[in-house]
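S.K.: no sequence on hand, only this structure:
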């Protein structure tokens, strides 16, 4: 049986006449898949083929290279809240609450992934067989860049007051913006090699940003790569 895509969502009435439940209001509906069926989020065999298909209003063009890497986060959040409102387990009868819970969890996972540039890049790369998020060999061999990372670490550790971190935050934010732009261009032309390298770089800058945000005087700095 052909299933209506999970992301086609409108608030409405219950329909439990088949093996799935939908919230329907003309002309679209939301299908709640079981945990097993939601495997299609990852292997494309069932349900939405990827996280982008969960948000058709915000991400109608789909993932790169057809669609852009950058995302309108305000639109994405609005659609996310609408989806979660309709998938909330309390809106469903007891016999299908487990499906609602599974659907809600995957909507959360998709939103958390897509709203963050680093997680989004890692996810897009994973769709193409590159696991830079968990691959311990995905390290930088750019000596100049590694030197920049070490120098930034030393400056953070040497700071005596939080005000001394402000220029470092500005520099690092610029690096993050530049890295996201490189990812935008790479995914646009389907350059997975550059995208993979830049995703690893961005992970360094994001880790530095987190270290700057959690800075405490005298506390050793640990950067996870």
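M.R.: Happy to help now that I have it. Every value quoted in this text rests on a predicted model; they were computed, and no experiment measured them.

S.K.: mind pulling up the pLDDT for residue 52?
M.R.: According to the prediction, residue 52 has pLDDT 96.

S.K.: quick one: it from residue 130, how far?
M.R.: From residue 52 across to residue 130, the span is 18 Å (CB to CB, to the nearest Å). (Glycine included, C-beta is placed from N, CA and C.)

S.K.: those two: which is more packed in?
M.R.: The neighbour count for residue 52 versus residue 130, taken as other CB atoms under 10 Å, is higher for residue 52 (25 against 18).

S.K.: residue contacts, that one?
M.R.: 59, 62-63, 67, 114 (CB atoms under 8 Å, 6 or more residues apart in numbering).

S.K.: buried subset of these as a ChimeraX selection?
M.R.: Selection of buried members from the contacts of residue 52 for ChimeraX, criterion 16 or more other CB atoms under 10 Å:
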select :59,63,114
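
S.K.: at which residues are the helices of the protein located?
M.R.: For the chain, applying DSSP state H gives helices covering 40-43, 73-87, 97-114, 117-127, 143-158, 166-188, 192-213.

S.K.: for the residue lying farthest from the centre of the chain, which non-adjacent residue is spatially closest?
M.R.: Of all residues in the chain, residue 160 has its C-alpha farthest from the mean position, at 35.0 Å, by CA atoms, centre = their mean. Leaving aside its sequence neighbours, residue 160 sits nearest to residue 217 (CB to CB, 6 or more residues apart in numbering; 6.6 Å).

S.K.: next, the contact list for the one you found, please.
M.R.: Residue 217 sits in contact with 159-161, where contact means CB under 8 Å, 6+ apart.

S.K.: kindly reformat the helices of the chain as TSV containing mean pLDDT and distance to residue 134.
M.R.: Output for these, formatted as TSV (pLDDT from 0 to 100; distance: least, CB to CB, whole Å):
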stretch	mean pLDDT	distance to residue 134
helix 40-43	38	14
helix 73-87	93	25
helix 97-114	90	14
helix 117-127	97	9
helix 143-158	88	20
helix 166-188	97	19
helix 192-213	93	12
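
S.K.: count the neighbours of residue 214 for me.
M.R.: Residue 214 sits with 9 neighbouring residues when counted by other CB under 10 Å.

S.K.: can you pull the phi/psi pair for it?
M.R.: When read as degrees, to the nearest 10, the backbone of residue 214 gives phi -100, psi 20.

S.K.: so residue 175 makes contact with residue 203?
M.R.: No: Residue 175 lies out of contact with residue 203 (CB atoms under 8 Å); the separation is 11.9 Å.

S.K.: how about the residue nearest the centre of the chain, what does it touch?
M.R.: Taking CA atoms, centre = their mean, the centroid of the chain lies closest to residue 113, which sits 1.5 Å from it. The contact partners of residue 113, taken as CB under 8 Å, 6+ apart, are 51, 119-120, 123.

S.K.: turn the residues you listed into CSV, columns for distance to residue 94 and neighbour count.
M.R.: Formatted as CSV, those follow (distance: CB to CB, whole Å; neighbours: other CB atoms under 10 Å):
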residue, distance to residue 94, neighbour count
51, 29, 24
119, 34, 16
120, 36, 23
123, 33, 19
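
S.K.: so can I have CSV of those residues showing distance to residue 165?
M.R.: Shown next, in CSV, are the contacts of residue 113 (distance: CB to CB, whole Å):
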residue, distance to residue 165
51, 34
119, 25
120, 27
123, 30
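
S.K.: what's the most distant pair in these?
M.R.: Based on CB to CB, the longest span within the contacts of residue 113 runs between 51 and 119 and measures 10.2 Å.
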